[in-house]
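Peer 1: Pasting the sequence and the predicted coordinates here, then a few questions.
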Amino acid sequence: MIKLTKRQAEILEIVKENGPITGQQIAERLSLTRAALRPDLAILTMSGNLDARPRVGYYFNHNYQTKLQAEKFLHQKVTDYKAHPIVVDISTSVYDAIVQLFLEDVGTLYAVDEKGHLAGVISRKDLLRTAIGNKDLQELPVSVIMTRMPNIITINPEESLLDAAKKMINNHIDSLPVIKEVDEEKHTYLIVGRITKTTITRAYLEIMEQKSV
Ligand code: ADP
């Protein structure tokens, strides 16, 4: 991706609004000579920002812009998009976990042990499954029903949204805890956020709707 100069950005805007437009017409709009404009037009064409057709003029290359935006989206870091994690203690009852799920309007809760380390994941369906045929939801702790360490798929703040999307799709899960490692060998992590399929969709929309230059 090249960094555009102010003039190159101006040219892009002119072509975007008025294309197809000849080099001569662009030069007139910028009060420049055609010769003075030539290097910038060459750079914009070679970089893929503009398309040139003989005897017609310059076009804005929408495909190129979309590709740039898509690349930008995929390389965004988890840390910049992570949401607040909803955390419960492993001794919390299934009943209270269900209440928490509604209060916080989330689909997944994370359970932590007495040291505050990630111990389990509790999803909507984990709770529904337990609720069917279990009368004592107030007595049953989430530790009994949660998916526990070391089977939890996690993500680091420095990983990309592409990494996060792959992990969720490949493991058939809706969210990932964003973690800070305390001890890799013992699989002890602190939870610093969460990434969900909604996070990915929101980031995608935000970036694709950004005004491109
Ligand atoms: P739901 O069960 O509501 O469809 P998920 O698809 O996220 O939600 O969860 C499917 C199963 O995978 C559940 O049993 C849940 O405990 C487990 N799970 C969810 N997230 C993770 C994760 N990050 N790592 C490992 N297991 C997970």
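Peer 2: Nice, I can see it.
Peer 1: what about the helices in this structure?
Peer 2: Applying DSSP state H to the chain gives helices spanning 6-18, 23-29, 34-46, 62-74, 94-104, 124-131, 161-171, 197-208.
Peer 1: Mind giving me the packing neighbours of the first one?
Peer 2: The reference is to helix 6-18. With contacts taken as 3 or more C-beta pairs under 8 Å, 6 or more residues apart in numbering; DSSP states H and E, helix 6-18 sits against helix 23-29, helix 34-46, strand 50-53, strand 57-60. Quick note: C-beta positions are derived from backbone N, CA and C, even for glycine.
Peer 1: Spatially nearest residue to T33, not counting backbone neighbours?
Peer 2: Once flanking residues are discounted, T33 sits nearest to A27: 6.1 Å by C-beta to C-beta, 6 or more residues apart in numbering.
Peer 1: What lies in contact with the worst-scoring helix or strand of the chain on mean pLDDT?
Peer 2: Using mean pLDDT, DSSP states H and E, helix 62-74 stands out as the lowest-scoring helix or strand of the chain, at a mean of 85. Helix 62-74 has contacts (C-beta atoms under 8 Å, 6 or more residues apart in numbering) with 1, 48-49, 160-162, 203-204, 207-208, 210, 212.
Peer 1: cool, and stretch 19-27?
Peer 2: So stretch 19-27 is in contact with 11, 14-15, 18, 33-34, 36-38, 41, 53, 56-60, going by C-beta under 8 Å, 6+ apart.
Peer 1: again, but for stretch 202-213
Peer 2: If you take C-beta under 8 Å, 6+ apart as the criterion, stretch 202-213 is touched by 4, 9, 12-13, 65-66, 68-70, 72-73, 76, 81, 161.
Peer 1: Show the buried residues in those residues.
Peer 2: Buried members of those, counted by 16 or more other C-beta atoms under 10 Å: 4, 12, 65, 68-69, 73, 76, 81, 161.
Peer 1: For those residues, which two are the farthest from each other?
Peer 2: Pairwise distances across the buried ones among the contacts of stretch 202-213 (C-beta to C-beta) peak at 27.9 Å, for the pair L12 and Y81.
Peer 1: correct me, but D113 touches P141?
Peer 2: No - assessed by C-beta atoms under 8 Å, D113 is found out of contact with P141, at 12.0 Å.
Peer 1: Overlap of the contact sets of the two?
Peer 2: I90.
Peer 1: how close does K3 get to N49?
Peer 2: Relative to N49, K3 is positioned 12 Å away (C-beta to C-beta, to the nearest Å).
Peer 1: which one of the helices of the chain has the lowest average pLDDT?
Peer 2: The minimum mean pLDDT among those belongs to helix 62-74 (a mean of 85).
Peer 1: could you check the angle helix 161-171 makes with it?
Peer 2: On the basis of axes from the mean of the first three to the mean of the last three C-alpha atoms, to 10 degrees, helix 62-74 is oriented at 70 degrees to helix 161-171.
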